[in-house]
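Peer 1: output the structure for:
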Amino acid sequence: MSVKVKIKHLKPGTVFNAGPVAVRVLEHFADGKTLVITDECIADWPFTCQPFKPSRPEDWKPNDWRTSTLRADLNRDFLNSFDEAGGPILSENIISAEWDLTDSAGNNAYGSVTDKIGLLTEAMFRKYSEQGLLDLDDRWWWLITPDAGYSYSMLYVNTDGTLSDCDAYYSIMGVRPALYVESEIEVEMAGRD
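Peer 2: So this is what the prediction gives:
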């Protein structure tokens, strides 16, 4: 037997079927949105693919989310998968949010960007990990936070929960998208018999 429950009533850490993927509740906000992350990696993917011929190679910074091919894929194909799945969350229920692109040393050369789909920042990962809300598995996965010392490098989460960095376009890491959804949406949850 299942029951319908509004997302805002699910405690952080709860996993529910969002349509194309299962997501985990991380935090509810007073403005009617809830931050969720996919419960598992949805793919193994480079942060960005090296362009065929950058017009000015010295200007190409693979660790910049604003020009990342992963960003484009998530905010096009992954976002569209919510409508294709026809589940409780549709693309219109995913709220555009500002994603902080501050690097691992606290520099904000890339500023921020507004997207419907993002990745956790280093600060978000630390916060929700310390609260015990992020299950780890045997896969490494990207964060949105650039490595401060090298414009080709991004932070990622190791299988043991520690953070490391690697080349954004050479390495294939797991992808766990994060998104803000409307808290009033009802989802099916297993009920008690």
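Peer 1: could you identify the helix or strand that succeeds the longest helix along the chain?
Peer 2: In the chain, taking DSSP state H as the definition, the longest helix is helix 122-130. Later in the chain than helix 122-130, the nearest helix or strand by DSSP states H and E is strand 141-146.
Peer 1: which neighbouring elements make contact with the next helix or strand along the chain from that next one?
Peer 2: With elements assigned by DSSP H and E, the helix or strand that comes after strand 141-146 is strand 153-157. Judged by 3 or more Cβ pairs under 8 Å, 6 or more residues apart in numbering; DSSP states H and E, strand 153-157 is in contact with strand 141-146, strand 163-167. To be clear about C-beta, it is placed using only N, CA and C from the backbone, and glycine gets the same treatment.
Peer 1: just give me the lowest mean pLDDT stretch among those strands.
Peer 2: Lowest mean pLDDT within the helices and strands packed on strand 153-157: strand 163-167, a mean of 92.
Peer 1: how distant is that strand from the center of its chain?
Peer 2: 17 Å (Cα atoms, centre = their mean, to the nearest Å).
Peer 1: packing partners of that strand?
Peer 2: strand 153-157.
Peer 1: most neighbours per residue, which of the helices and strands packed on strand 153-157?
Peer 2: With neighbours taken as mean count of other Cβ atoms under 10 Å, those reach their highest mean count in strand 141-146, at a mean of 26.
Peer 1: pull that one out as PDB, backbone CA atoms only.
Peer 2: Output of strand 141-146 as PDB, limited to C-alpha atoms (Å, rounded to 0.1, in the frame of the first residue of the first chain):
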ATOM      1  CA  TRP A 141      31.400  11.700  -8.200                       C
ATOM      2  CA  TRP A 142      31.900  15.300  -9.200                       C
ATOM      3  CA  LEU A 143      31.200  18.400  -7.300                       C
ATOM      4  CA  ILE A 144      30.700  21.800  -9.000                       C
ATOM      5  CA  THR A 145      33.600  23.300  -7.100                       C
ATOM      6  CA  PRO A 146      36.800  24.000  -9.200                       C
END
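Peer 1: is residue 76 part of a helix or strand, or is it coil?
Peer 2: Using DSSP: H, G, I helix; E, B strand; the rest coil, the structure places residue 76 in helix.
Peer 1: and the helices in this protein?
Peer 2: With DSSP H as the criterion, the chain has helices at 69-73, 79-85, 122-130.
Peer 1: pipe those helices into a markdown table and attach mean neighbour count per row.
Peer 2: Shown next, in a markdown table, are those (neighbours: other Cβ atoms under 10 Å):
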| stretch | mean neighbour count |
| --- | --- |
| helix 69-73 | 18 |
| helix 79-85 | 16 |
| helix 122-130 | 17 |
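Peer 1: and the ones you listed: which comes nearest residue 140?
Peer 2: helix 122-130 (12.6 Å; Cβ to Cβ).
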